[in-house]
Structure formats: C-alpha cells, structure tokens
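Participant: This is a predicted model, with the sequence first.
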Amino acid sequence: MLKNYFTIALRNFRKNKIFSIINIVGLSIGLTCFMLIAVFVYSELSYDTYPAEAKNIYRVLLSATGNGDVAVYPRVDAAVGEGIKNAFPGVIASTRLSSRSDFVKYNDKQFKEDHLAFVDSNFLQMFSIPLIEGNERNALVDPNSIVVSKAFAKKYFGNENALGKTLLIGTQNMPYKVTGVIDKVPYNSHFHFDAFISLSTFHITNPTWSNVGFFTYILLNKKTDPKKLEAKFPQLVAKYVVPEIQHDMGVSLAEAQKSVNTFIFSLQPLTDIHLYSHTKYELEPNGDIQYVYIFSALALFILLLACVNFTNLSTARAVKRAREVGIRKVMGSVKKQLVFQFLAESVLFTFFSMLFAYLLIFLLLPYFNQLANKNIGFDFFLSFPSILVMLAISFAAGILAGIYPAFFLSSFNAIKVLKGASFSQGTQRKPLRSSLIVFQFFVSIALIIATIIVYQQLHYMQNKKLGYDKDQVLFLPDARLLGKNQTAFKQKLLQDNRVVAATIARSVPGGEFMDGTEIYPRNENGNGTEIHANIYHVDYDYLRTLGIHIIKGRNFSKDFSTDSAAGVVINEAAVRELGWTNDNAVGKSIVRSGQQEFKVIGVVADFNYASAKQKIAPLMMTLGNNFGGLIIKIKTTDVKGFLADLKKQWDAFNPSGPLEYNFLDETFAALYASEIRTQQIFSAFAILAIIIATLGLFGLSAFVIEQRTKEIGIRKVLGASVQNVLLLVSKEFLLLVGIAFIISVPVTWWAMHTWLQDFAYRINISWWIFLAAGITALLIAMFTISFQAIKAGLANPVKSLRSE
C-alpha cells in the first residue's frame, strides 16, 4: 500500500512540474532557514553549560546607585569572593579572574597576546577545563606559573614539550614557567583565553571590598538558595564596605552607612551571563535572549510560509483531482486511505525538500557563520542526532502542510464528482486561502518594515554627531613599548606636516580602557551625593587632538602648575549628576575615593565615548598616568604612505614590539557589530519571506488563470483588453496584500518601538517607512501576478473556446 502511495505521488510530481518545483523550492528554503537558526539558538542556549557544576556556579555582581542611576559591574574587589565564602557555609568555593593583553616572548619569537588571564589556582577546576599535560591540582598554585592552550604551546614551542619552558611576558620580561597545557576553552563559554597565569604572582596583601577589579565566581552547595544568600550580603557591606568608604572618602559614619542601600552585591547564574548580561565591562560581547526569541520566531514563520504555500496550492488544485478521488471511492477506497495517500504525497515533498535543503545549507553555511559570528561545521548537520532532527522536522512540516488538503480532498462526494456536476474551486475554501495569503504578506511586510527601521537606527548611530573627531585619527595601543621615549616619539611625529596633533593617552572613545571611581561634590556644608564617574587619564593635547569642545572654563595648561595635581575637566553629564549647572561648575571641587580633591577647571560638551546605545555617563579627565597609548590626528590623502613612514619612525626608536595601530572610525564601527548583524539577518529573512510568498502567489495566480481560461477568452472576444484581464486577475490578490499591510502596521510599530527602547539615542519611527513597505509589497505582488495575467491576456481566445 505504501509503495502504491509513493508511486502515485511521484506520478503527480511529474504531471505537475511547476506545482512540484514551487513547493520543493519553498519548503527547502523554509527547512534551511529553520535548521540554521535552530543550530544558532542551540549554540546560544548552550553557553556555559559545560562545567560539571554549571547550575551551582554564580558570578558576583556589584550594583552602585548614584543620583538616581544604577551602574552594574561584573567585577568586584579582591576580597569579595573569599569573604563571601568565609562568611556563609553554603558557599563551597570562590575564584577570581582578571584579563590582560600583553607581549609574550620565547627565544626569538614574540607576539602580542590579547587573551591572557590571571586566575586563582582553582579556576580551571571550577570550570571543568581539564589539563592534557600537567597536574591540574597545583598547576597554578605557585607564583609565576602559566597554563597554556595546545595551540598557544604549538605557536611558541613547536613540537617540543611545553612543560617546564619559560615565557617572558610584558615590557619587564617577567618570567613564567609553563606548568600545564589545556586543549582549549570550550566554544560555548563567555570567556576565551589562550593562557591562564597564577594570580598569586600579584602577591595581593590587604585586599579590599569597595572597588572593582576581578571577575569573581562562587560555587554554591546544591541546597543553598541563592536568593536567600543574596539577602545576607548587606551584612558584609555594613561590616567591610562602610568602614572603607568612611576612610577613603573622609565622610561621616552616617554618610558612609548609606552605602548599605547603594552598594549592592548580587549573584548571577553562570548560564545567564551570555544571554542576559549586558554591562559595559563584559569579558566578551554577549548574545541577547531577545534576539534568540526574535530569530526563533522568524525561522518558524519562514517555515510556516512554505507550509502555507503547499496548503494553498494543494487546495487550489483540488478541482483537478476531484475525479481521481471519485473513482478511488467508487473502487472501494475509504476516507482514511485517501487521507494517508495525500499525506504521503505531502511528506514525500518535504523529504525531497530536505535533500535540497542540505545542499542549500552546505552552500550557505560559510555566509551564515560570518553573519551570526559562529563557527559551525557542515559535519554538525551530518551527525546522527542532526539527521534525526531534520527528518522529524521534515515529517512534521509535511503533516502540517498536508493535513488540511488531505481531509479536504478526501471529503469530495464521489457521485456528484463523477456525474460531472460543477465543482466550485474556491467559494467555500476561499476564506482559508485568502487568510493564508494575508498571513504570508503580513510576515513579508513586517520584515520589510523591521529591516528599514533597523537600518535607520544603525545609520542614525553611525552618523550621529559624536562630539569628537574620529576621521583620520590613529590609535597606537602599545606605545608603552617605547618606554621613556613616548614623549620624544610624539614630538618627532609632530614635525611631520601631515600630523595635525598628537596626544599620549590610554583612553580613547570607543575603546575599553578607562578607570572608574566614586566622587562627591565638595559643598559648603560638606560632601554632597555620591555619583560614579569614568576617568580618562590624558595630557595637555588630548582635547585638541580629538576636537572635543570646551563649553565653559579652559583646557589643561602648562601655565597652571596646579593642573597636574588637582585640575580636572568634566563633561556635562557629570555636571548634571553632581547637581550643578554649566555656568557654576568651574571652580568647584570634587572628592574621589582616597580623599583626593580636584578643582574643576573646565566643562566639555557631552560626547559619545561609548556606544550610542548607552546614555552618556559622567566623565572626568585628569592629567598624568596616561602613558601607554598614543593618539595621532593626521590630514593626508596618502594614508598608506604615512603609515609606511610611521613604521620607519617606530622602528627607529627600537621598541620591544611591532607597531600596532587602528583607526578611530574602525573602533567606532566595531561598537555596532551586533546591530549590523541584526540588520543583515533581518534583511536576509525579509528577502527569503518575499521569495517564498512570491513563489506561492505565482503558483496560485497561474492556477487561477488556468481555471479561468475560458472566461478570459470570452471577455477578450467581447472586447476586453490586456489591461482589463490584468485588473480582473490581480484585484483580488492585491486586496489581500492591502489587508496584510493594514494588519502589519500596528503590530510592527509596537514591536519595533519596543526594540528601540534599548537605545538611549534613537530615531522616531516615520510614517513613510510603512508606506514604502506597503508599496514594495504591492509592486512585488503586481509584478508576480502580471507575468501570468499578461500571458493569458495575449493568448488567442480561439484556442481556449474551441471546445465549447
């Protein structure tokens, strides 16, 4: 029986080639999208699940409240982790991590390594990262010990045994002995380091509680409730943080005790970090659970669109198979057998589509990996579990797409069909087909609108006035390699007429390096409300080099000796949060941790030194402690030639490492990598949705025109023009597209308005975006229908009427 079902199905494939191709192409695109996104979602949800105790590991967060705003830090001070462990018996262990970028040397080999980490001795054990060489229990116990990845060892030692070798790290050539080798950190981790260095190297004495510095993780007993544990943390703040704040800030005990409510430790599940944590200080860019939901829904919608095509075309073709159903019923077939036959055809369609989908996955996977920032191999889809999942999805899609046509076709009355009674091809089923067409174009129009809005927001952020000059500005992050020659190197560059200005600074807009501190305004009645401010350590030429505008007061000047010790320039955001105004801020004093007092000498206009997604935060700029980086503003049409000369100048100063640089506009663009990917993914989905909807509309319009061939012939004989025929055929479909447009507008406006709330600086959604999307959908539908309609309108009516 099954063989007979599939034989008939294959016969129908050959008999209805256009119908078959449309369905197979549509279903294969739907399956391809679904599988690629399913793998992406699986990858995102699997982050940090690899440690044996993943469910019991938590990261300690710090939330600091100041002037109504809450700043969340994923790092805490050195004493916090061990302090929590010692205070509460439900905590089994704690471990810390501090990331670092530095030069590593071995004999004549030297490389800049951006993925180094100082960790406690139990770090690798807590995260279940096994050693393939060395003893994991004591590999990181001794100072100046280092555990490296297999690839890292290969890079420096070749095929030699890495254990016992000594690496030199940093400009001071600090020696570190290799005591272990790991394979690599799992791909689904929120951190990826090539080497782990013993934190005991730092010899931390008298660790404190009230600052930030270490990513800290604790392992809880399975019976410990993290929420109940969090509720006890204020005890630790009162015991340890309050005295430190009182001492460092020089405030009264009553003032310091306010930190119990403003200085809050909390616990974040390890498995939530990648998708739910979006602080400014993450180890790596994280994912976003919202995008996981969005892309999952889009993948499902794309698959549903393909299934809708099949359902629509199958019910539309019902009249052609009515006689076949009648004969089968007369020959003894029961409804159950007919349902199974049509479902078998549907499932066979989806299995053919699955084979074609594998070909599409093979072709598209490199582009998908680039788009989604993943490294998924095609062999993943060839694994036994993946094949089973693909078969299950194909089977489910086949049943979903074919269930309604199967029951619809099997319900025909055999006597009426075989007597030749007229069979309405759509009067009773039109509402369903119309609803499905509306659904297809609703999804397509919604995706077009979403794509335009995402593009507009991205364009707005990339072209927003930032408050500083990012064009033709180079940043040399490793200028510290010049040692004491940094200033001499800067002066040498300034002799080049292509160099407009230069400044020695480690902090650059869009970059990661900046300090932070708690500050108070010094008032007549004592200290005011505490706020958090970021710190840029700069020199005299920083503001001029980056074109940052001073709106009140003055820049740092060598004419004022006090600037180097106590002068500070702050931004407008700091002025507002300190409770001042731009007009009265200059001359006032602020106090930072450690009771260091600064006098405000100038106020700069707010500039976006972080992503435009974030509200501009308070910033203070101080002289000194700025060595490490060099920012160069140039003006030339021959950038390549300047870079070649820059390298010669660098080499002439004999630094201990190669020249590395990046352009500020490239650093700025990197801030929006996530939004760029989102826009590209929305665009890809919109195109695919339109292709599937267009395929379905093409097949449906072709069938409708075929059914109305005689009607069109009669109309032409009576004088109808090609335009009349086009209007006759298209008006019903265009009406459905119009309904889809009306439904999509409020739904998409709400969804995109919600999405935009994540951005501190955002566009207003314009009416023309919806109009453009609606017109685009109408034009696509019109073009698709007109191809068949014009062909019918130009046909000779004699051929269609000769049998009458």
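Facilitator: Perfect, thanks for sending it.

Participant: Give the other helices and strands that the helix or strand that residue 774 is a member of contacts.
Facilitator: Using DSSP states H and E, residue 774 falls within helix 767-794. With contacts defined as 3 or more C-beta pairs under 8 Å, 6 or more residues apart in numbering; DSSP states H and E, the packing partners of helix 767-794 are helix 430-463, helix 673-707, helix 709-717, helix 722-756. C-beta coordinates here come from the backbone N, C-alpha and C atoms, glycine included.

Participant: out of the ones you listed, nearest to residue 182?
Facilitator: Among the helices and strands packed on helix 767-794, helix 673-707 comes nearest to residue 182, with 28.0 Å by C-beta to C-beta.

Participant: Which parts of the stretch 351-500 of the chain are helices?
Facilitator: With DSSP state H, counting those that start in this stretch as the criterion, the stretch 351-500 of the chain has helices at 379-382, 384-410, 414-418, 430-463, 486-494.

Participant: What is the distance between the second one and the centre of its chain?
Facilitator: For helix 384-410, the gap between its own C-alpha mean and the chain's C-alpha mean amounts to 32 Å (C-alpha atoms, centre = their mean, to the nearest Å).

Participant: got the angle for that helix vs helix 430-463?
Facilitator: 140 degrees (axes from the mean of the first three to the mean of the last three C-alpha atoms, to 10 degrees).

Participant: Okay, now the unreliable bits of the stretch 51-200 of the chain?
Facilitator: Residue ranges of the stretch 51-200 of the chain with pLDDT under 70: 66-69.

Participant: helices or strands up against the biggest strand by length in the chain?
Facilitator: Longest strand in the chain by number of residues, with DSSP state E as the criterion: strand 91-106. If you count contacts as 3+ C-beta pairs under 8 Å, 6+ apart, strand 91-106 packs onto helix 80-87, strand 109-119, helix 123-126, helix 150-157, strand 166-169, strand 214-220.

Participant: Packing partners of the fourth one?
Facilitator: Right, helix 150-157. Packed against helix 150-157 by the contact rule (3+ C-beta pairs under 8 Å, 6+ apart) you find strand 91-106, strand 109-119, strand 174-182.

Participant: List the contacts of the stretch of helix or strand residue 667 belongs to.
Facilitator: Per DSSP H and E, residue 667 falls inside helix 664-670. Here helix 664-670 makes contact (C-beta atoms under 8 Å, 6 or more residues apart in numbering) with 462, 466, 470, 471, 473, 474, 475, 508, 509, 510, 511, 631.

Participant: rerun that using 7 Å as the cut-off
Facilitator: 470, 471, 473, 475, 508, 510, 511 (C-beta atoms under 7 Å, 6 or more residues apart in numbering).

Participant: Give me the lowest-pLDDT entry from these.
Facilitator: Among the contacts of helix 664-670, residue 511 has the lowest pLDDT, at 73.

Participant: What sits closest to that one if chain neighbours are left out?
Facilitator: Excluding its sequence neighbours, the residue lying closest to residue 511 (C-beta to C-beta, 6 or more residues apart in numbering) is residue 667, at 6.2 Å.

Participant: any idea of the pLDDT on that neighbour?
Facilitator: pLDDT, residue 667: 76.

Participant: again with the one 4 residues further on
Facilitator: Note for residue 671: predicted pLDDT of 70.

Participant: How many neighbouring residues does it have?
Facilitator: Neighbour count for residue 671, taken as other C-beta atoms under 10 Å: 20.

Participant: again with residue 517
Facilitator: Residues lying near residue 517 (other C-beta under 10 Å) number 18.

Participant: I'd assumed residue 592 was in contact with it.
Facilitator: Yes - Residue 517 lies in contact with residue 592 (C-beta atoms under 7 Å); the separation is 4.7 Å.

Participant: follow-up on the earlier one: tell me which of the helices of the stretch 351-500 of the chain sits nearest to residue 686.
Facilitator: For residue 686, the closest of these is helix 430-463, at 3.8 Å, according to C-beta to C-beta.

Participant: Tell me where the model's unsure across the stretch 501-650 of the chain.
Facilitator: Low-confidence segments of the stretch 501-650 of the chain, defined by pLDDT under 70: 512-514, 523-529, 593-595.

Participant: what about the helices in it?
Facilitator: 542-546, 563-566, 572-577, 639-652.

Participant: that older thread, among the contacts of helix 664-670, which two are most distant?
Facilitator: Using C-beta to C-beta, the two most remote members of the contacts of helix 664-670 are 471 and 511, lying 16.6 Å apart.

Participant: Comparing the two, which shows the higher neighbour count?
Facilitator: Neighbour totals were compared for residue 471 and residue 511, and residue 511 leads with 21 against 11 (other C-beta under 10 Å).

Participant: any idea how far residue 467 is from the more buried one?
Facilitator: 16 Å (C-beta to C-beta, to the nearest Å).

Participant: go on, residue 399?
Facilitator: Distance, residue 399 to residue 467, by C-beta to C-beta: 58 Å.

Participant: So between these two, which is more surrounded?
Facilitator: Per other C-beta under 10 Å, whichever of residue 399 and residue 467 has more neighbours is residue 467, with 19 against 15.

Participant: between the host helix or strand of residue 339 and helix 384-410, how big is the angle?
Facilitator: Using DSSP H and E, residue 339 falls within helix 335-372. Inter-element angle recorded for helix 335-372 and helix 384-410: 140 degrees (by the same axes, to 10 degrees).

Participant: Relative to residue 302, which of the helices of the stretch 351-500 of the chain is closest?
Facilitator: Closest to residue 302 of the helices of the stretch 351-500 of the chain is helix 430-463 (C-beta to C-beta; 8.1 Å).

Participant: Neighbours of residue 493, how many?
Facilitator: Residue 493: 20 surrounding residues under other C-beta under 10 Å.

Participant: show me the contacts for residue 22.
Facilitator: Residue 22 neighbours (C-beta under 7 Å, 6+ apart): 309, 313, 695, 698, 699.

Participant: do that again at 6 Å, thanks
Facilitator: Contact analysis of residue 22 by C-beta atoms under 6 Å, 6 or more residues apart in numbering lists 695, 699.

Participant: returning to what we had before: I'd like the helices and strands packed on helix 767-794 laid out as CSV, including mean neighbour count and distance to residue 204.
Facilitator: Below are the helices and strands packed on helix 767-794 laid out as CSV (neighbours: other C-beta atoms under 10 Å; distance: least, C-beta to C-beta, whole Å):
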stretch, mean neighbour count, distance to residue 204
helix 430-463, 21, 40
helix 673-707, 20, 35
helix 709-717, 17, 86
helix 722-756, 17, 43
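
Participant: Any idea which of the helices of the stretch 351-500 of the chain has the lowest pLDDT on average?
Facilitator: helix 414-418 - the lowest mean pLDDT of those, at a mean of 59.

Participant: ok, so what distance separates residue 27 from residue 520?
Facilitator: Counting by C-beta to C-beta, the gap from residue 27 to residue 520 is 65 Å.

Participant: Tell me how far residue 396 lies from residue 348.
Facilitator: 14 Å.

Participant: For these two, indicate the residue with more neighbours.
Facilitator: residue 348 (18 against 14).

Participant: picking that back up, and the contacts of helix 664-670, which is closest to residue 204?
Facilitator: Set against residue 204, the nearest of the contacts of helix 664-670 by C-beta to C-beta is residue 511 (26.6 Å).

Participant: would you list the helices and strands packed on helix 767-794 in CSV and tack on distance to residue 240?
Facilitator: Shown next, in CSV, are those (distance: least, C-beta to C-beta, whole Å):
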stretch, distance to residue 240
helix 430-463, 41
helix 673-707, 37
helix 709-717, 86
helix 722-756, 41
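
Participant: Would you tell me which of those gets closest to residue 205?
Facilitator: Relative to residue 205, the nearest member of the helices and strands packed on helix 767-794 by C-beta to C-beta is helix 673-707, separated by 40.5 Å.

Participant: Go ahead and measure how far that closest one is from the middle of the chain.
Facilitator: In terms of C-alpha atoms, centre = their mean, the centre of helix 673-707 is found 24 Å from the chain centre.

Participant: what packs against it?
Facilitator: For helix 673-707, the elements it packs on are helix 17-45, helix 289-316, helix 430-463, helix 767-794, judged by 3 or more C-beta pairs under 6 Å, 6 or more residues apart in numbering; DSSP states H and E.

Participant: Good, we can wrap up now.
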